[in-house]
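Q: generate a structure from the sequence data that follows.
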Amino acid sequence: MTENIDFTVAIPTYNGQSRLPELLERLQNQLYTEHLSWEIIVVDNNSTDNTAKVIQTYQQNWQCPYPLKYLFETRQGAAYARERAIEEAKGRFIGFLDDDNYPTSTWVAAAYAFGEQHPLAGAYGGQVHGEFEVEPPENFKKIACFLAITERGTKPHQYKAPMKMLPPGAGLVVRKQAWERTVPKNLVLNHKGREAGLASEDLEAVLHIQLGGWDIWYNPEMCIYHKIPAWRFQRKYLISLFRCVGLSRHHLRMLRIQSWQRPLVSLAYLVNDLCQIILYALKYRGTFQSDLIAACEIELLMSSFISPFYLFKKRYLNLAVPDLARYLFKAINLGKKDWGVPQLPRKRHSHFLAYQKLS
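A: Next comes the predicted model:
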């Protein structure tokens, strides 16, 4: 019989040899955990660097009362790594930290205490502050949530279903019982690296928990710092990220809708998305090459519109989806050069999803 403990810190990582040491040092110095039984699990998601050796070195010199465990997950993808952590974790609560998420010294204690105080909480996130290698672009706050930056005040609050808002995967804590009862083994939006073309698998999992009747919360006592390197502000990366988020949006929208209502609701979303695209294009016409934030936002709108067709193709057809964005640009008499938005590539970066609106 598996022995249950209080808390598991799960760290999915890919080529994290340079980022893991700081995270492990912070976990070694957690405060107010003397009364807890907890563990740390590093899930190596098919790394090609020296991640395994880094963890082995730490294990050889580990003197903390809570164990440091290492798992190797051969299936490429963030969702596979999280699912492996769920399967192997002994904790009643499982806190996910990416290898570039650095918690404050009370994160574990605050995460466990909140779960104990809220027995109906199936998942909850906290504050996520950015540590930037370079200065973010102008108006970055408008898109900060897509890089998991979450600063929603100093008071806890519940994410009600009508809000259509959920916490990001960075620093997310789940009740193991809630996950096992509600989250499918194979998520539709499961990342598979650059070939996925989709994102938001963390939001998909949390949405399943919410739809299963569990509460989702924001706990400001849990604080982490997300280290964001310069390359994540490059135009190519951000456009790709927003494209993946948009292409995933239809599935998240439909999860909340009864199956018999989906055709009509899908049509309503298409009309609404098209109207937003036209209005946004008219408002920001000619600025998409110079304004990175505007380019990201229009990419999100365009990809959201294409999302149902893309997901249908991905599930049922082995065909290329036409670049509908290009035809829409022509329909409103705008050239691709004016927009500065590239055509949809066949290969895309995977990325954990940020705190974002689902509609």
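
Q: if you count neighbours, what's buried in stretch 27-37?
A: Within stretch 27-37, the residues that count as buried by 16 or more other C-beta atoms under 10 Å are 27, 30, 33, 36. Bear in mind the C-beta positions are built from the backbone N, C-alpha and C, glycine included.

Q: can you report phi and psi for the last one?
A: Spelled out, that is residue 36. Residue 36 adopts backbone torsions of phi -100, psi 150, taken as degrees, to the nearest 10.

Q: just residue 46 next, same as before
A: Dihedral angles (degrees, to the nearest 10) for residue 46: phi 70, psi 40.

Q: run a quick check on it versus residue 80, I expect a contact.
A: No: if you go by C-beta atoms under 8 Å, residue 46 and residue 80 don't touch, sitting 9.1 Å apart.

Q: identify the contacts common to these two.
A: Taking C-beta atoms under 8 Å, 6 or more residues apart in numbering as the criterion, residue 46 and residue 80 both touch residue 73.

Q: show me where pLDDT drops low in the protein?
A: 1-2, 191-196, 316-359 (pLDDT under 70).

Q: quick one, helices of it?
A: 20-28, 51-60, 78-88, 107-117, 176-182, 201-211, 235-255, 262-284, 292-316, 324-331, 336-339 (DSSP state H).

Q: including distance to residue 41, could these go into JSON lines?
A: Below are those laid out as JSON lines (distance: least, C-beta to C-beta, whole Å):
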{"stretch": "helix 20-28", "distance to residue 41": "11"}
{"stretch": "helix 51-60", "distance to residue 41": "10"}
{"stretch": "helix 78-88", "distance to residue 41": "6"}
{"stretch": "helix 107-117", "distance to residue 41": "13"}
{"stretch": "helix 176-182", "distance to residue 41": "12"}
{"stretch": "helix 201-211", "distance to residue 41": "17"}
{"stretch": "helix 235-255", "distance to residue 41": "27"}
{"stretch": "helix 262-284", "distance to residue 41": "38"}
{"stretch": "helix 292-316", "distance to residue 41": "31"}
{"stretch": "helix 324-331", "distance to residue 41": "41"}
{"stretch": "helix 336-339", "distance to residue 41": "44"}
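
Q: please identify which of the ones you listed is closest to residue 141.
A: helix 292-316 (9.3 Å; C-beta to C-beta).

Q: got the angle between the closest one and helix 262-284?
A: Comparing the axes of helix 292-316 and helix 262-284 via axes from the mean of the first three to the mean of the last three C-alpha atoms, to 10 degrees yields an angle of 160 degrees.
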